[in-house]
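> for reference, the sequence and a predicted model appear below.
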Amino acid sequence: MEQMINLYDLLEHEINDLYSAEEQIIEALPKMIEKAENPRLKAALNEHLTITKGHKDRLDQVKKILLAGEQEKKPGFLEKIFGSSKCKGTEGLIKEGEHMIKQNMSPEVRDAAIIAAAQKIEHYEICGYGTARAYAMQLGLSKIEGLLKQTLDEEYEADDKLSELAFFDVNLDAEVADGPVSK
């Protein structure tokens, strides 16, 4: 278990966690795309897969900046920041989403479930990137803060796109497929 004694250590931990999250999302998105029926949803998920690969690349830049400043100060830092710890939060959200979309449901309802699963992951990422950005700001690491803000903005944008797609397309189709709602 890594020792965290200050805000810088928390930032390192959060970056490692986000990196693992992005790797898991890159692996999970193709499965969601395959299960989706709505063409706009498929396109949105494909676009987000490409963007997510960019998020991972951006985190590689963050790691390089952290390495440049820390190699002399902390022996073993390289192993720590490129450690193999898996983001359990993302892992759980992905498993929950996979379980949900395997249920017996119409394609329209499955698409709504896919959006719900994707948005849970987006919200988790928004939290993680927001936290890491706040740490970087507090520590005066403006280059890292800028990279994290760029990704955070893209996560908010992805969440907004999914909400719009749900409200004005997918959920409407699921409602019709499900029949009238009793009041």
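All right, it came through fine. Numbering: from 1, shown residues only.

> distance of the residue nearest the centre of the chain from Leu148?
Central residue of the chain (CA atoms, centre = their mean): Glu125, 4.2 Å from the mean position. To Leu148, Glu125 is 11 Å away according to CB to CB, to the nearest Å. Where C-beta positions appear, they are placed from N, C-alpha and C, glycine not excepted.

> one more: Ile115?
Ile115 is 25 Å from Leu148, by CB to CB.

> higher neighbour count, those two?
Shown here are Ile115 and Leu148; by other CB atoms under 10 Å, Leu148 has more neighbours (29 against 26).

> which residue sits closest to that one, ignoring its sequence neighbours?
Computed as CB to CB, 6 or more residues apart in numbering, the closest residue to Leu148 that is not its neighbour in sequence is Arg133, at 4.1 Å.

> which strands and helices lie in contact with the helix or strand encompassing Gln150?
Secondary structure assignment for Gln150, by DSSP states H and E: helix 142-165. Contacts defined by 3 or more CB pairs under 8 Å, 6 or more residues apart in numbering; DSSP states H and E place helix 142-165 against helix 39-70, helix 107-138.

> out of those, which is the most enclosed?
Ranked by mean neighbour count under mean count of other CB atoms under 10 Å, the helices and strands packed on helix 142-165 are led by helix 107-138, which reaches a mean of 20.

> helices or strands up against that helix?
Looks like helix 107-138 contacts helix 7-35, helix 39-70, helix 88-101, helix 142-165, helix 171-178 (3+ CB pairs under 8 Å, 6+ apart).

> which one, of those, ends up nearest to Val109?
helix 171-178 (4.7 Å; CB to CB).

> would you put the C-alpha positions of the closest one in CSV?
Only the C-alpha atoms of helix 171-178 are listed here, as CSV (Å, rounded to 0.1, in the frame of the first residue of the first chain):
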residue,chain,number,x,y,z
ASN,A,171,-35.6,7.5,-23.5
LEU,A,172,-38.5,8.5,-25.7
ASP,A,173,-38.0,5.3,-27.7
ALA,A,174,-37.7,3.2,-24.5
GLU,A,175,-40.9,4.8,-23.1
VAL,A,176,-42.9,3.8,-26.3
ALA,A,177,-41.3,0.3,-26.2
ASP,A,178,-42.3,-0.1,-22.6
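
> least confident secondary structure element in this structure?
When each helix and strand of the chain is scored by mean pLDDT, DSSP states H and E, helix 77-81 comes last, with a mean of 48.

> so what touches stretch 44-52?
For stretch 44-52, contacts defined as CB atoms under 8 Å, 6 or more residues apart in numbering pick out 22, 25-26, 29-30, 32-33, 36, 114, 118, 154, 158, 161-162, 165.
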